[in-house]
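Asker: fold the stuff below for me.
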Amino acid sequence: MGTRPRPAALCGAALALAGGAALAVWAWARLRSRAAPPAARPAAAAAAAADQGKGHSKQILVLGLDGAGKTSVLHALATNHVKRSVAPTKGFNAICVNTEEFQMEFLEIGGSEFLRSYWKMYLPKVLLLIYVVDSADHARLPVAKQLLHQLIQNNSTLPVVVLANKQDREGAYCITDIHDALALSDIGDKRKMFLIGTHVAEDGSEISSSMKDAKELIAQLVLETQ
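Answerer: Numbers count the residues shown, from 1 in each chain. Below you'll find the model as predicted:
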């Protein structure tokens, strides 16, 4: 497994299917022909976002170790702009993203060791799991792997999107290395699982192409999971 930095653009444009080592390019053109990017509004409370399941609401759980960049990723997905200097999530963070067809509720739970015990409680309530890993944090990838496998071992159908975040950092593992480090091939091919490289740019700028790809993939999976 190499440690050389790889071009983030290459990783951001490719998806790795967990059932095999081959990389597949997502058909983004079909998604981009849809409606304009959605507007976002803060959720009233994380608990309400987790418990709501009525109407056309689509709930998405965002998990990962502390420091993986979950909050920055969530902010980028919701607003289409970057905010890197955010405080670590101490508990729960919820944001709603509205589209013409449905509302997506992103619920983030902090990644500290204390909060990880709550992760499994919310899995039965969601349609999709987003799991964020720090591609440059080599030492903790085994922990990220263990927690991911424990999370989904009792749910063979929950779609999972793994975001190999911080691809712009020096020494970040590329998407194929992350695929191997998380042993995604061992999870099996009965579920929809995707791995996509992401990074956030400078504060205040528009989100990177890799984040746009991730956002469009998530929207497509939510549309298909009904």
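
Asker: just confirm Leu74 contacts Ile95, I think it does.
Answerer: Yes: shown here, Leu74 and Ile95 form a contact pair, counting by C-beta atoms under 8 Å, at 6.0 Å. For glycine as for every other residue, the C-beta is placed from the backbone atoms N, C-alpha and C.

Asker: quick one: mean pLDDT over the longest helix belonging to the chain.
Answerer: When the chain is parsed with DSSP state H, its longest helix is helix 209-224. Across helix 209-224, the average pLDDT comes to 86.

Asker: quick check: buried residues in it?
Answerer: For helix 209-224, a neighbour-count test (16 or more other C-beta atoms under 10 Å) marks 210-222 as buried.

Asker: can you pull out the helices in this structure?
Answerer: With DSSP H, the ranges of helices along the chain come out as 8-12, 28-32, 46-51, 70-79, 119-122, 141-152, 175-181, 209-224.

Asker: adding distance to Gly111, write those out as TSV.
Answerer: Formatted as TSV, the helices of the chain follow (distance: least, C-beta to C-beta, whole Å):
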stretch	distance to Gly111
helix 8-12	22
helix 28-32	29
helix 46-51	15
helix 70-79	7
helix 119-122	9
helix 141-152	9
helix 175-181	17
helix 209-224	18
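
Asker: could you pull out the strands for the chain?
Answerer: 15-17, 23-24, 39-42, 57-63, 92-98, 103-109, 128-134, 160-165, 193-197 (DSSP state E).

Asker: pick out the shakiest of those, pLDDT-wise.
Answerer: With a mean of 32, strand 23-24 has the lowest mean pLDDT of the strands of the chain.

Asker: and the end-to-end length of stretch 124-139?
Answerer: End-to-end distance of stretch 124-139 (C-alpha to C-alpha, to the nearest Å): 30 Å.

Asker: next up, the contacts around Val126.
Answerer: Contacts of Val126 were listed using C-beta atoms under 8 Å, 6 or more residues apart in numbering, and they are Gln59, Ile60, Leu61, Leu107, Leu158.

Asker: from Arg140, how far off is it?
Answerer: Per C-beta to C-beta, to the nearest Å, Val126 is found 24 Å from Arg140.

Asker: start and end of stretch 91-106, how far apart?
Answerer: End-to-end distance for stretch 91-106, by C-alpha to C-alpha: 14 Å.

Asker: and if you look at stretch 137-144?
Answerer: 10 Å.

Asker: kindly report the same for stretch 160-179.
Answerer: This stretch, stretch 160-179, spans 13 Å end to end (C-alpha to C-alpha).

Asker: circling back: of all the contacts of Val126, which two lie farthest apart?
Answerer: Leu107 and Leu158 (14.2 Å; C-beta to C-beta).

Asker: have a look at these two and say which one is more surrounded.
Answerer: Each of Leu107 and Leu158 has its neighbours counted (other C-beta atoms under 10 Å); Leu107 has more, 25 against 19.
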